[in-house]
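Colleague: model this:
(2 chains)
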Amino acid sequence: MLDADVEVDRREFTVRAALQVAPGERLALFGPSGAGKTTLLEVIAGLVLPRRGHIELGGQVLTSTAPPVRAVPPWQRRVGLLRQDPGLFPHLSVRDNLCYAPSASPSEAELSSLASLLGIDSLLAAMPARLSGGQAHRVALGRLLLAHCDTLLLDEPYTGLDASLRRTLTHLVASLVAERSVPAILVTHELIDAQAFADRLAVLDRGDLLQVGAPDEVVLRPASRRVAELVGYLGFIPSGQTVAGVHPERVIPGAFGDRGLVLSGVVRACRPAGAGWEADLSVGDAAVTCRLPDKPPASGGEFAVTVLDPPYFGSDGSAVGSASAKDGEARTEQVRRL
Amino acid sequence: MSWAASPAAAAGGAVRGDEPPGPRRPTGRGRFAGGSLRVRSVSAFVSVAGTGIIWVALLGPVIALLGHLSWHAITTSLTAPGALDPLVISVESGLVTLAVLFGVCTPLAWMLARGKLPFPRVWETGVLCSLLLPPLVIGLLLVFMVGPYTPIGSLLADLHQSATNTFLALVIAEVYESAPYYILGAQSAFASVEPRLEQQAGLLGDRPRRVFRRVTLPLAAPGLAMSLSIAWARAMGAFGAVIIIAYNPMGIPLQIYTTLQETGLASALPYALVLLVVALPLPLAAYIWSARAGRRRRG
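Modeller: Numbers count the residues shown, from 1 in each chain, chains lettered A, B, ... in the order given. Below you'll find the predicted structure:
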């Protein structure tokens, strides 16, 4: 169990977060760049000292600012940190990099089975300068695994790798975390990576933990308008005292009042997006972006869409829960009048 | 588990970083042996010719030396009784100087490179001061510092040592003349080691001292070797400070000077040749070793 409750001062704001990650659990820490995600990992790894905090890993206190004060140095923490830069030692071969940790004394069989699992078995004699980005990441991951760390911290490790490699590495890490039963935290600013990896998603913005929950729940039921903006809601339609959040991928063409909020607007622009279309609609004063399977009518045309079960936010930005069917109809009427 | 996503990469395909593609690192025809320079245009020819002229110009004194040496002068000078004693003194004091520099100045260079010292500019200015002072002035000031009538001098006298006209004095003079060159070179060698790598080694379970031994030192080693070889060259040729506080025991530079004064240029020149021949192998070995380390890292 990794249990961290810390406050760290940064130049512009203070990072405040309390996280618990169970053995074998995968937590994704999601947020925009500069939200304090990396700082949080560095505090857990012991590279940054918190102003106030308590960190426990597997029952051992690593950091405590309250008496008895404790700050275990990084080399005694058994925390594995994988960054975007794999940090392979350029003067050592892949094999020596894998076996670098003093706690790593793998048998030849263990080494070769891990190497073949990671797909680097033909590279053991190579020098890191010869590796591609993906290979270097696999070696760095193998090095952490052979070090038998008690927790895995992954700091945007997949940035710069192609989509299929990211998927493969994500699945590999997920299965290894489950097999070794260690807590793992992935830091990322890509929602899709966070969802692919995590059992639980935590949203961090300007140092504050805004929401922690299941990966689908956080996206479908954001706790606040800020969370909604971070997880990809692009339109906010006033609806009485509240505001409805519109996620571009939660919009279907046509008016289906029983499935959500029906909007009628004017098409301002549309463009191809992936295998479908992305359209900008004007609904009253508000603008909405939505993804559609078919091309909408030309610019200026009237067009009705249904936002599937949207979240609603109060004037203070916090969620006020989804509309009941009856409420939904009332809201639909209001919006139509807009 | 399938890794079909990157079969080309698994075969050792993509190469990252060190070797930029394009005409700057060509292979094949037109290569100079051992190098990678291809003459393809007038401007390339001019730059190669210019480089060659500069190289020959730098070698001018050596060429002049070889031109003015006669076999007879060499044998007469070098077979005189005790003629090679200065050579032994120079090599011994040079090696002791290197050991002192490596042991004492390496930690300072590391701390300067890692910004571990408060007011780093003050420390760096100190190093630069000793670099900027002419060696002769350093020698004069060393008399004030370690001469027989100073506190350090009397302390040494209590230990039956002296820092004037002794082997110790020679080493002190050589250390002062060569230390700033080593410190500045070593500082930049350490600065080129990424702190992230040291951090990663720590997270993998290495204590700081072990990180230094297993990561920092090996990665900085080629740069340290180059800095040591520059310091060696300075120590072997040290003259200004040496002539003031360590006239005896006599190393090769002083031997050249006294021979010149006593018997003339012809008998002094062979010692210059000896200095070159003896001093060259160490820096040359450092060059070769650094290049090999670089090649090994590139795989």
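Colleague: how about the helices of the stretch 151-299 of chain B, start to end?
Modeller: B:151-158, B:167-191, B:195-203, B:208-211, B:217-236, B:240-245, B:252-263, B:265-279, B:281-298 (DSSP state H, counting those that start in this stretch).
Colleague: now chain A
Modeller: Counting by DSSP state H, the segments of chain A that form helices are A:37-45, A:94-98, A:108-118, A:133-146, A:163-180, A:191-197, A:215-220, A:225-230, A:325-337.
Colleague: Dump these to a markdown table, plus mean pLDDT.
Modeller: A markdown table is the format used below for the helices of chain A (pLDDT from 0 to 100):
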| stretch | mean pLDDT |
| --- | --- |
| helix A:37-45 | 93 |
| helix A:94-98 | 94 |
| helix A:108-118 | 89 |
| helix A:133-146 | 90 |
| helix A:163-180 | 86 |
| helix A:191-197 | 90 |
| helix A:215-220 | 92 |
| helix A:225-230 | 93 |
| helix A:325-337 | 45 |
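Colleague: just for the stretch 201-338 of chain A, where's the confidence low?
Modeller: With pLDDT under 70 as the threshold, the stretch 201-338 of chain A has low-confidence stretches at A:321-338.
Colleague: For chain B, what's its nearest residue on it.
Modeller: Nearest to chain B, among the residues of the stretch 201-338 of chain A, is A:Gly274, at 20.7 Å (CB to the nearest CB). For every residue, glycine as well, the C-beta is placed using N, CA and C.
Colleague: Which residues are in contact with the residue positioned nearest the centre of chain B?
Modeller: Among the residues of chain B, the smallest C-alpha distance to the mean C-alpha position (CA atoms, centre = their mean) belongs to B:Ile230, namely 1.8 Å. When contacts are counted by CB atoms under 8 Å, 6 or more residues apart in numbering or on different chains, B:Ile230 is found next to B:178, B:181-182, B:185, B:283.
Colleague: In TSV, list the helices of the stretch 151-299 of chain B along with mean pLDDT.
Modeller: Rendered in TSV, the data for these read as follows (pLDDT from 0 to 100):
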stretch	mean pLDDT
helix B:151-158	92
helix B:167-191	96
helix B:195-203	94
helix B:208-211	94
helix B:217-236	94
helix B:240-245	93
helix B:252-263	92
helix B:265-279	89
helix B:281-298	92
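Colleague: what's the burial count for the residue of the stretch 201-338 of chain A closest to chain B?
Modeller: For A:Gly274, the neighbour count with other CB atoms under 10 Å in any protein chain shown is 7.
Colleague: backbone phi and psi for it, please?
Modeller: Dihedral angles phi and psi of A:Gly274 (degrees, to the nearest 10) take the values phi 60, psi -130.
Colleague: most residues in a single helix of chain B, which one?
Modeller: Assigned via DSSP H, chain B shows its longest helix as helix B:42-68.
Colleague: name the helices or strands packed onto that helix?
Modeller: Contact partners of helix B:42-68 among helices and strands, from 3 or more CB pairs under 8 Å, 6 or more residues apart in numbering or on different chains; DSSP states H and E: helix B:265-279.
Colleague: who does the helix it packs on touch, helix- and strand-wise?
Modeller: With contacts defined as 3+ CB pairs under 8 Å, 6+ apart, the secondary structure elements packing on helix B:265-279 are helix B:42-68, helix B:71-79, helix B:85-100, helix B:217-236, helix B:252-263.
Colleague: Isn't A:Ala301 up against A:Val266?
Modeller: Actually, residue A:301 is Gly rather than Ala. Yes: counting by CB atoms under 8 Å, A:Gly301 does reach A:Val266; the two are 7.1 Å apart.
Colleague: More neighbours: the two, which one.
Modeller: Per other CB under 10 Å, whichever of A:Gly301 and A:Val266 has more neighbours is A:Val266, with 15 against 11.
Colleague: was I right about that one contacting A:Ala304?
Modeller: No: judged on CB under 8 Å, A:Val266 makes no contact with A:Ala304 at a distance of 10.9 Å.
Colleague: Using CSV, please lay out the helices and strands packed on helix B:265-279 together with distance to B:Glu124.
Modeller: Rendered in CSV, the data for the helices and strands packed on helix B:265-279 read as follows (distance: least, CB to CB, whole Å):
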stretch, distance to B:Glu124
helix B:42-68, 29
helix B:71-79, 44
helix B:85-100, 21
helix B:217-236, 16
helix B:252-263, 29
